[in-house]
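Engineer: Give me the fold of what follows.
(chains A, B, C and D)
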4 protein chains.
Amino acid sequence: MNQRLALLNLTIAATFVSVLGYASAAHAQSVSVLVAYHSGTGNTEKMAQGVAEGAKSVPGSSVSVKRVGEVSADDLLSADALVIGSPVYFGNMSGEVKTFLDSWAKMGLFQDRKMRNKVGGTFATGASFSNGKELTMLTIQAAMVMHQMLVTSGGGGFGASATTGPDSPGIDEKELAEANALGKRIAEVAAIVKRGNAK
Amino acid sequence: MNQRLALLNLTIAATFVSVLGYASAAHAQSVSVLVAYHSGTGNTEKMAQGVAEGAKSVPGSSVSVKRVGEVSADDLLSADALVIGSPVYFGNMSGEVKTFLDSWAKMGLFQDRKMRNKVGGTFATGASFSNGKELTMLTIQAAMVMHQMLVTSGGGGFGASATTGPDSPGIDEKELAEANALGKRIAEVAAIVKRGNAK
Amino acid sequence: MNQRLALLNLTIAATFVSVLGYASAAHAQSVSVLVAYHSGTGNTEKMAQGVAEGAKSVPGSSVSVKRVGEVSADDLLSADALVIGSPVYFGNMSGEVKTFLDSWAKMGLFQDRKMRNKVGGTFATGASFSNGKELTMLTIQAAMVMHQMLVTSGGGGFGASATTGPDSPGIDEKELAEANALGKRIAEVAAIVKRGNAK
Amino acid sequence: MNQRLALLNLTIAATFVSVLGYASAAHAQSVSVLVAYHSGTGNTEKMAQGVAEGAKSVPGSSVSVKRVGEVSADDLLSADALVIGSPVYFGNMSGEVKTFLDSWAKMGLFQDRKMRNKVGGTFATGASFSNGKELTMLTIQAAMVMHQMLVTSGGGGFGASATTGPDSPGIDEKELAEANALGKRIAEVAAIVKRGNAK
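Structural biologist: Next up is the predicted model:
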């Protein structure tokens, strides 16, 4: 093989490495998922852990789980996806979660829509059937949409939910599976969006 | 006139007094209206005053206006009607108003539905058009419905609202008129319900 | 007894009859409740019957149950209370129920708010938990509130609901009891409002 | 140059063409945006045209505008993004738009979530301020979320909206600019998602 040919071979090899390297990144896009929650009795915390497990099952993802009061602006800005969970208090998210969302204004996240295109999902726990879990998930999603996040569901209709009152105490296997499915899906969508943005 | 006739006349007179007294009460049923609000910049407070003015215009009504943080269980229990106002923070009521609603649980109002059949209305202020004023009013109403209050509107579609951002700064005459109409209507409905309950 | 005395006696008697008649009416105020529903599979119809049974249990109430497509303006105008039920189709009331609500405009019910102060309640059935039953009830209530009806709940958080999919097929006893409780409560509130309006 | 070398050169060239072709596609990803609307008076149609203009301004996008009754399953399946607009009828989308969403079940789109990861946006027109435009946009978004679409906003808080009644007749410049911004943003997000999915 002459020199020129050797050079060409090298170029070809480099090109393939680059292409293969890319393809491999594509199959395990590094994404960071933040699960933020408030929990009064431990039920929403258990669901948060379930969401985190699901997100961790996606290759390339890194996941952190924090109480809403401990989430900083940097936590939010560095995440590719955000899943927020709340107990139902009178047909809506808890005051703690609402106050957390309000704090985004002081963090300066609304100006220039700094949360734009991050992927968002929600989960909720409540004592009874049809007592506000939907409204809790949908109003958290409404706030996310205003920040121009990309909102989607996984697990259940609008996200993952669990009934925790006398008729169905605690978090059962099916509810935990919903939480898992939500976390997995949010991480997968975040990987798609991150790859798409990287181009 | 003999004694028996005199007695009958007395009875008749008493009966008519009672009936007339009742009719008069009917036209000016004494009702107490509580206007509870949170205000960050003074706009929602101005709307609260407008709601109060409207409620006061109904004969027999007494009206109090309080910030949500100053409302006690007794304030709530002694009111026949409750009108709640909030600024829009990210497409929903403010954390302050949500925390106020959550506090009803600690006040023991949910057990035995102690707020049952009290009349409820809502108002909201927000910087832009279609940015959460509806959702703010509707989610406050959802909490009221869970307490088995009787929810209705007046003024605007779901209650009274004002746009306060650059495109329409402050509270204008039309918005104040909406607030007035809401207060008037809530007091009128409270009078109907109180009369109906008194039977 | 002389003529004058006889006349007085007659007056007294009439007065007491009127007063007693009123008191008796107060304990069994005649109210008319309309239960309007759409049902694709029969589940929402079964809930509608449950709501009707509950309403009938209130002394003095008369109840009619109709599919939304068969409800006339007269049906709506002559009712003191209206309970609307819908299956969940994609997180919201069915197109049939929405079209029914839209038809109120053509019926001329919005002008002069002809439905004002009628009592409103809602119920919903859906295949899964947290899949739109809340949103279905709350958006029907939103339409009622715009008509200045008096909206309240009974049974469950926002009204009565049933999960009818694989995890909980059909309408079970607890769900039927919720429907009963809703119907009973709506009829009771309608009686209060009617008495209050009659004064 | 011998044959083997010629073949290698060809391979290299093809590789670079492919890589460059990809990069170039990345800057003008071909995306198809469907704008589906119902319009009673022409206002929502005008907003639909505004959304379409905005989407067309994104290089590589192709846009179609159809009345909801004319949208086929193929139209939906072949679109990368879907923007749905509705007039407000009693605080919610019109029966026509609801019936359109319901028809997705018969089209078999819910099974296997065939609309998954398509990008969704919404717009609404209504006669008055705070009279249901938010609820219309949010309930359309709720249906999209159930289909696991990726929902976001642009233009206004939850999407684009216009007030068309006596206080602000027709579609003004600012409202049309909101529609433009919504269309542009939805096409841009669809391009990101499509690139991310292609990897």
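Engineer: Run through the residues that contact the residue lying closest to A:T164 once chain neighbours are set aside.
Structural biologist: In space, and not counting its chain neighbours, A:T164 is closest to A:N43: 4.5 Å by C-beta to C-beta, 6 or more residues apart in numbering or on different chains. Using the backbone N, CA and C atoms, a C-beta is placed for each residue, glycine as well. Contacts for A:N43 (C-beta atoms under 8 Å, 6 or more residues apart in numbering or on different chains) come out as A:P87, A:T125, A:A162, A:T164, A:G170, A:I171.
Engineer: again, only using 6 Å
Structural biologist: When contacts are counted by C-beta atoms under 6 Å, 6 or more residues apart in numbering or on different chains, A:N43 touches A:T125, A:T164, A:I171.
Engineer: For beta bridges, what are the partners of the first one?
Structural biologist: The one in question is A:T125. Note on A:T125: beta-bridge partners A:P87, A:A162, judged by DSSP bridges.
Engineer: can you list the contacts of A:N43 in JSON lines and add neighbour count and pLDDT?
Structural biologist: Converted to JSON lines, the contacts of A:N43 look like this (neighbours: other C-beta atoms under 10 Å in any protein chain shown; pLDDT from 0 to 100):
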{"residue": "A:T125", "neighbour count": "31", "pLDDT": "96"}
{"residue": "A:T164", "neighbour count": "25", "pLDDT": "93"}
{"residue": "A:I171", "neighbour count": "22", "pLDDT": "95"}
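Engineer: Pick out whichever of these sits closest to chain C.
Structural biologist: Set against chain C, the nearest of the contacts of A:N43 by C-beta to the nearest C-beta is A:T125 (10.3 Å).
Engineer: A:G170: neighbour count?
Structural biologist: Using other C-beta atoms under 10 Å in any protein chain shown, A:G170 has 14 neighbouring residues.
Engineer: just A:L109 next, same as before
Structural biologist: 17.
Engineer: Let me know whether my guess that it is in a strand holds.
Structural biologist: No. Per DSSP: H, G, I helix; E, B strand; the rest coil, A:L109 lies outside any strand segment and is coil.
Engineer: surely it meets A:S103?
Structural biologist: No. In this structure, A:L109 is not within contact of A:S103 by C-beta atoms under 6 Å, at 9.1 Å.
Engineer: Could I get the contacts of A:N43 in TSV, plus columns for distance to B:A198?
Structural biologist: What follows is the contacts of A:N43, written out as TSV (distance: C-beta to C-beta, whole Å):
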residue	distance to B:A198
A:T125	41
A:T164	40
A:I171	47
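Engineer: List just the nearest of the residues you listed to B:R67.
Structural biologist: A:T125 (30.7 Å; C-beta to C-beta).
Engineer: can you tell me how far A:Q141 sits from D:K106?
Structural biologist: Separation of A:Q141 from D:K106 (C-beta to C-beta, to the nearest Å): 27 Å.
Engineer: where does chain A dip in pLDDT?
Structural biologist: Residue ranges of chain A with pLDDT under 70: A:1-27, A:199.
Engineer: and it, which of its residues are near chain B?
Structural biologist: A:89-92, A:95, A:98-99, A:101-102, A:139, A:142-143, A:146 (C-beta under 6 Å from any C-beta of the partner chain).
Engineer: among those residues, which ones are buried?
Structural biologist: A:89-92, A:95, A:98-99, A:101-102, A:139, A:142-143, A:146 (16 or more other C-beta atoms under 10 Å in any protein chain shown).
Engineer: How about the residues of chain A by chain C?
Structural biologist: So chain A meets chain C at A:S130, A:N131, A:K133, A:E134, A:L135, A:G156, A:G157, A:S161 (C-beta under 6 Å from any C-beta).
Engineer: can you give me the helices in chain A?
Structural biologist: Here chain A has its helices, by DSSP state H, at A:3-27, A:43-56, A:73-78, A:95-106, A:133-146, A:173-198.
Engineer: so which of these gets nearest D:G69?
Structural biologist: helix A:133-146 (27.2 Å).
Engineer: can you tell me if that closest one touches chain D.
Structural biologist: Yes. Using C-beta under 6 Å from any C-beta, helix A:133-146 reaches chain D at A:V145, A:M146.
Engineer: Not counting that helix itself, show me its contacts.
Structural biologist: A:84, A:86, A:88, A:91-93, A:101, A:120, A:122, A:124, A:126, A:151, A:158-159, A:161, B:90-92, B:135, C:130, C:134-135, D:153, D:157-158.
Engineer: residues near A:G183, how many?
Structural biologist: A:G183: 33 neighbours (other C-beta under 10 Å).
Engineer: which residues does it contact?
Structural biologist: A:G183 neighbours (C-beta under 6 Å, 6+ apart): A:V51, A:G54, A:A55.
Engineer: Let's see if you can find the most crowded of the residues you listed.
Structural biologist: Ranking those using other C-beta under 10 Å puts A:V51 first, with 34 neighbours.
Engineer: how near is that one to A:S78?
Structural biologist: A:V51 is 18 Å from A:S78, by C-beta to C-beta.
Engineer: ditto for A:L182
Structural biologist: From A:L182 to A:S78 the distance is 21 Å (C-beta to C-beta).
Engineer: the more surrounded of those two?
Structural biologist: For the pair A:L182 and A:S78, the greater number of neighbours falls to A:L182 (29 against 11), based on other C-beta under 10 Å.
Engineer: you'd agree that one is up against A:G154?
Structural biologist: Yes. At 4.2 Å, A:L182 counts as touching A:G154 under the criterion of C-beta under 6 Å.
Engineer: which one among the residues of chain A next to chain B gets closest to chain C?
Structural biologist: Out of those, the member with the shortest distance to chain C (by C-beta to the nearest C-beta) is A:G91, at 6.3 Å.
Engineer: contacting residues around the closest one?
Structural biologist: A:G132, A:L135, B:A142, B:A143, B:M146.
Engineer: related to what we said a few turns ago, can I get the residues of chain A next to chain B in CSV including distance to A:G69?
Structural biologist: Listed next are the residues of chain A next to chain B as CSV, based on distance: C-beta to C-beta, whole Å:
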residue, distance to A:G69
A:Y89, 16
A:F90, 20
A:G91, 23
A:N92, 18
A:G95, 12
A:K98, 13
A:T99, 9
A:L101, 12
A:D102, 13
A:T139, 19
A:A142, 22
A:A143, 17
A:M146, 22
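Engineer: Just the closest residue of chain A to chain D, please.
Structural biologist: Closest point on chain A to chain D, by C-beta to the nearest C-beta, is A:G196, at 2.9 Å.
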